[in-house]
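Colleague: structure, please.
(one chain, ligands or ions: 1)
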Amino acid sequence: MELISFKITPNNRKVEAFIAHFDLPVTVRQIDFKHKEHKSDEFLALNPMGKVPVLVDGDFALWESNAILVYLAKKFPETRALPDDDRGRAEVDRWLHWQSCHLMPFMGALKTGAEEDPDAVKPLFTVLEKQLADGRDFILGDLSVADFAVAAYLMTKMGSSFDYSEHPGVAAWRQRVFELKGFQETIVKLPPAAA
Ligand SMILES: N[C@@H](CCC(=O)N[C@@H](CS)C(=O)NCC(=O)O)C(=O)O
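Modeller: Numbering: from 1, shown residues only. Just a heads-up that it's a prediction; the model follows:
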């Protein structure tokens, strides 16, 4: 299996971190954005969206990072990262959708300037804080794909700049996930800014 990726972005890092955390037998290859590999005919045959990540498993090419996380968790059940009961599975789906339908669009709006107030993230943090109450170490209690999907966003430069002071449960969970082997092994050190 091969993951075509671009580690520096959260949708890619979440999958890379999952692979690294569980030592999955997936080769990770960084895409050549500079030469627009993602717009080449060969790549568009794998993902007509022209975006990474893409997982290639034999003749099956899967795009959309959260779909990839779920596929890998099912393919490697020893990760125990995807509950197999209906309710647990639905809970995972809820948080994957929350990340892609609420957290990601909010952060996208901040990036484009459509939203100007970083503190507008607080209602989202309040929802996550409530989920992490009752001493839960991870979003579902046990580590799951949901933690990889959501935390990767909060480890970006923007995610690190948010004020977590009113949401200590979110802050502690974010740090806990950051310390996981998979996230430690996928830290990208940016070159220092030019003087
Ligand atoms: N919803 C997609 C988003 C994928 C995505 O936007 N990938 C970006 C990098 S994070 C990309 O490949 N951008 C290149 C482009 O749009 O030209 C996912 O979660 O996989």
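
Colleague: strands along the protein, start to end?
Modeller: Secondary structure of the chain, counting by DSSP state E: strands at 2-5, 27-30, 54-57, 60-63.

Colleague: of those strands, give the one that comes closest to the ligand.
Modeller: Among those, the nearest to the ligand by CB to the nearest ligand atom is strand 60-63 (6.2 Å). All C-beta atoms are positioned from the backbone trio N, CA, C, and that covers glycine.

Colleague: quick one: average pLDDT of the closest one?
Modeller: Mean pLDDT, computed over strand 60-63, is 98.

Colleague: do stretch 81-91 as well
Modeller: 97.

Colleague: how far does that stretch stretch from start to finish?
Modeller: In stretch 81-91, first residue to last residue: 12 Å (CA to CA, to the nearest Å).

Colleague: on that earlier part again, Throw the strands of the chain into a markdown table and include distance to the ligand and mean neighbour count, thanks.
Modeller: Listed next are those as a markdown table, based on distance: least, CB to the nearest ligand atom, whole Å; neighbours: other CB atoms under 10 Å:
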| stretch | distance to the ligand | mean neighbour count |
| --- | --- | --- |
| strand 2-5 | 9 | 22 |
| strand 27-30 | 12 | 14 |
| strand 54-57 | 9 | 21 |
| strand 60-63 | 6 | 16 |
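
Colleague: reformat those as JSON lines; add distance to Lys130.
Modeller: Listed next are the strands of the chain as JSON lines, based on distance: least, CB to CB, whole Å:
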{"stretch": "strand 2-5", "distance to Lys130": "33"}
{"stretch": "strand 27-30", "distance to Lys130": "35"}
{"stretch": "strand 54-57", "distance to Lys130": "33"}
{"stretch": "strand 60-63", "distance to Lys130": "32"}
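
Colleague: quick check: which of those is nearest to His21?
Modeller: strand 27-30 (12.7 Å; CB to CB).

Colleague: counting contacts, what elements does that closest one pack onto?
Modeller: strand 2-5 (3 or more CB pairs under 8 Å, 6 or more residues apart in numbering; DSSP states H and E).

Colleague: show me what the strand it packs on is packed against.
Modeller: Using 3+ CB pairs under 8 Å, 6+ apart as the contact test, the elements touching strand 2-5 are helix 10-21, strand 27-30, strand 54-57.
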